[in-house]
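*Asks:* The following comprises the amino acid sequence and a computationally predicted model.
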Amino acid sequence: MDEADKDTEVAPEPSVATENQEAGNGFSNQNGEEETQEPNVEAKEEQTQTNIQTADARELVKRIEREKALKTRTEMIEKVRKSCLENLPSVYSDENVIDHEIKETLERQQQCCDVIIDAEKELINTLQQELRMRGNCYVKDLREFSEEFNVTCERMQKQNNSLTETYRNELAQIEKTHKGEIEDYLTKDRTEWVQHLADLWDKVQESLTERRRTVKEYEEHIRSQKMEHLNAYIAKQIEFNERIQHLERELQCEKGTKKMMQLQERSTRKDGIEKTVLRQRMQTNRQGDKHTSQDKDLTKQTLKLSEDYKRCIQKYERAQKQMKQFAASDVAKYKKLWLMVEADLKQQVEKALAIDSQIHRHLGLAWKRPSMPFMERSGPIQLQKQTSSPAKQPIQVEVDLRCSQAMMDGSESEADTLEKVMELLCDEMGFLMEAELLKQLAPLEKEKQAAMKLGYLLCALGIKEEDAPKLSDFLLKYKQQQSEQTEDACAEFNDMAETSKLIHPNHVLPALKSFLHQYRKTNPSKSEHLEDRDTSEDAAYWESFGNIISEDKLRMWDTAESKLKQYHAVLEEISELIPKTERLKQQNTELRQLLQQIACKL
């Protein structure tokens, strides 16, 4: 029982040693981790490492001493056991001795037993003394270990405080460098984005200039082809008229010669009158057939030239439609690109507002959505104005258009007035025509000349043929508006009484200018919309997207970001220290339990 008690008393010591060794190993591991830090902490780390190594050496010496004491105790116990075993045969050997020798043997046995008991008592006393001494030494070692543990805890606390301070300084320096890098990256990205937008804008401008140049080239080519075909048609028409006049002159000459021959034959040969008449009739018939065939050929040529002229006009109209389609496709592409960029910017604005609301909510501030009227818009600004502009045309133009439609459905008298107005317009606007064209049109009839002049003027002014009644109606309305001012002037021109009733010749040019101004307003082409578009409001519109977050809010975002980063760094430090504190708490609880067990055993 005494040996078992000794073993139980000695058994806790290795566990304490292993715990101390684990603590030392933990401290050494901690020091191994801390050696990677700044050079100003290396001295403290070396000092703690030497202290831990000395504590490990001291614990190793104590363990060796305990092992030696245990070995001596076991040797003593083994020696006493052997002596007892040696004395037992002497005790049991005298059992068959006679009575008078029994007492002697009993006495010897009693002496031997006394010797054994004294040896056992002496051994027990020595073991008890050694146990007390070991218990006192163990209590003393525990007190020294608790004092050393407290000192090491204080040192570790100081080291942790110094390390946290150094880490905070390092973190502040890292944050400064990180902020500088972020600002550099932001400036670089902004410059790249601005350069990308500038390149894209240059490409769009180049494509627009190239498109305009091609449109101008097509217009010049079509105009030259039209003039060439028109000149060719007029030349052929003049040649045809000259041939007809030449044939008529030849016919008249032949008629004259025929009459002279008849008179001569009447006077000279009365008998051959009938033969000559028949012969002349046959010649006239042949000339008539020849004339009819030439008329047919000339009509065919005129039809062919008119068809060529119509085909040229159709080609011109198709080219205009293609140009309009190209302009419409350019406008659609421009609008699509505008809408795509606008949608992207609106998404970025919504994200910025969402982040702003989250920041306000995190800081406990009230957030109010700013007024953003530009977010309700969609599409280019000038195109919106142009699409809404037709609703704001003058009332006079609507009245004129209605009147023109009524005149188009009018009677034959209105058609006569339309013809007279067009003739007056061709006479007054003759300065727009070239001299060569007028020379080519001179041999033609008056009606054909008027039709050709009217077509050329409408094409030059950019007015469609179906809008000619609108032009005449507008000229008549303009005459009604200027009737009070032109009454005296109209009375002086007696030779132009019929046309002056319609409109005064002096008012044709200003009336035509006002009609063209209103006509181009009511019938604008899509290419004009694209060319006449004003981009002065675009910069303010795009800047309104960037100014949705004010400078104060941006400064607030920067301060909030810095504070949150500091808070995050502190939380990371706390999260790193939590496992260490848990391990220290566990070690403290184990040490308290050991102290309680030792106190209970003592």
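*Replies:* Great, that's in hand. Residues are numbered from 1 along each chain as shown.
*Asks:* Name the next helix or strand following the helix of greatest length in the chain along the chain.
*Replies:* For the chain, the longest helix by residue count, based on DSSP state H, is helix 99-268. Next along the chain after helix 99-268, taking DSSP states H and E as the criterion, comes helix 273-363.
*Asks:* Val277: what's it in contact with?
*Replies:* Gln262 (Cβ atoms under 8 Å, 6 or more residues apart in numbering). Using the backbone N, CA and C atoms, a C-beta is placed for each residue, glycine as well.
*Asks:* Model confidence score at Gln173, please.
*Replies:* The confidence metric pLDDT takes the value 90 at Gln173.
*Asks:* On the three-state scheme, the residue nearest to Glu120 when sequence neighbours are not counted is what?
*Replies:* Sequence neighbours aside, Val80 is the residue nearest to Glu120 in space, at 6.5 Å (criterion: Cβ to Cβ, 6 or more residues apart in numbering). Judged by DSSP: H, G, I helix; E, B strand; the rest coil, the three-state class of Val80 is helix.
*Asks:* Number of residues surrounding Gly180?
*Replies:* 10 (other Cβ atoms under 10 Å).
*Asks:* same check, this time on Tyr519
*Replies:* Neighbours of Tyr519 using other Cβ under 10 Å come to 21.
*Asks:* Also Lys565?
*Replies:* Residues near Lys565, counting by other Cβ under 10 Å, number 14.
*Asks:* Repeat that for Pro373.
*Replies:* Pro373, neighbours per other Cβ under 10 Å, totals 7.
*Asks:* follow-up on the earlier one: same for the longest helix of the chain, what does it pack against?
*Replies:* Counting contacts by 3 or more Cβ pairs under 8 Å, 6 or more residues apart in numbering; DSSP states H and E, helix 99-268 packs against helix 2-10, helix 12-34, helix 42-92, helix 273-363, helix 435-441, helix 446-461, helix 526-531, helix 551-601.
*Asks:* who wins for proximity to Glu181 among those helices?
*Replies:* helix 551-601 (14.1 Å; Cβ to Cβ).
*Asks:* Can you name every helix or strand that that closest one contacts?
*Replies:* helix 12-34, helix 99-268, helix 273-363.
*Asks:* Adding distance to Leu85 as columns, could you present the ones you listed in TSV?
*Replies:* Shown next, in TSV, are the helices and strands packed on helix 551-601 (distance: least, Cβ to Cβ, whole Å):
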stretch	distance to Leu85
helix 12-34	32
helix 99-268	10
helix 273-363	86
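*Asks:* Deepest-packed of these, please.
*Replies:* Burial of the helices and strands packed on helix 551-601 is given as mean neighbour count (mean count of other Cβ atoms under 10 Å); helix 12-34 ranks first at a mean of 15.
*Asks:* Now do that helix, average pLDDT.
*Replies:* Taken as a whole, helix 12-34 carries a mean pLDDT of 41.
*Asks:* now Lys290: how far from Asp297?
*Replies:* Going from Lys290 to Asp297 by Cβ to Cβ, to the nearest Å gives 11 Å.
*Asks:* Likewise for Glu572?
*Replies:* From Glu572 to Asp297 the distance is 104 Å (Cβ to Cβ).
*Asks:* Around Pro469, how many other residues sit close by?
*Replies:* 22.
*Asks:* Which pLDDT value does the model give it?
*Replies:* 74.
*Asks:* Start at 789, not 1
*Replies:* Understood, numbering begins at 789; the last thing we discussed is Pro1257.
*Asks:* I'd like the average pLDDT over stretch 1299-1313.
*Replies:* 69.
*Asks:* How is Trp1155 classified with respect to secondary structure?
*Replies:* Following three-state DSSP, we place Trp1155 in the coil state.
*Asks:* what residues are up against it?
*Replies:* 1144-1145, 1148-1149.
*Asks:* Surely His1148 is in contact with Ala1154?
*Replies:* Yes. Assessed by Cβ atoms under 8 Å, His1148 is found in contact with Ala1154 at 7.0 Å.
*Asks:* do you know how far Trp989 is from Arg1001?
*Replies:* 19 Å.
*Asks:* ignore the last one, Glu958
*Replies:* Counting by Cβ to Cβ, the gap from Glu958 to Arg1001 is 64 Å.
*Asks:* And Arg1067, by the same measure?
*Replies:* 70 Å.
*Asks:* of all the helices and strands packed on helix 887-1056, which lies closest to Tyr1329?
*Replies:* Of these, nearest to Tyr1329 by Cβ to Cβ is helix 1061-1151, at 9.0 Å.
*Asks:* Can you get me a residue count around the nearest residue to Trp1126 once chain neighbours are set aside?
*Replies:* Nearest residue to Trp1126 in three dimensions, chain neighbours excluded: Pro1168, at 5.1 Å (Cβ to Cβ, 6+ apart). The tally of other residues near Pro1168 (other Cβ under 10 Å) stands at 21.
*Asks:* okay but Pro1168 is in contact with Lys1123, surely?
*Replies:* Yes. Under the criterion of Cβ under 8 Å, Pro1168 makes contact with Lys1123 at 6.2 Å.
*Asks:* now Ser1159, what's its secondary structure?
*Replies:* coil.
*Asks:* And it, how far from His1305?
*Replies:* 40 Å.
*Asks:* got it, and Asn924?
*Replies:* 123 Å.
*Asks:* go on, Glu1038?
*Replies:* The value you get for Glu1038 to His1305, if Cβ to Cβ is used, is 55 Å.
*Asks:* Show me the shaky parts of the stretch 1039-1188 of the chain.
*Replies:* 1053, 1055, 1058-1061, 1090, 1093-1094, 1097, 1169-1188 (pLDDT under 70).
*Asks:* how about the helices and strands packed on helix 1339-1389, which one is nearest Leu1263?
*Replies:* Judging the helices and strands packed on helix 1339-1389 by Cβ to Cβ, what sits closest to Leu1263 is helix 1061-1151, at 24.6 Å.
*Asks:* and the direction of that closest one versus that of helix 1339-1389, what angle?
*Replies:* Helix 1061-1151 and helix 1339-1389 are oriented at 40 degrees to each other (axes from the mean of the first three to the mean of the last three Cα atoms, to 10 degrees).
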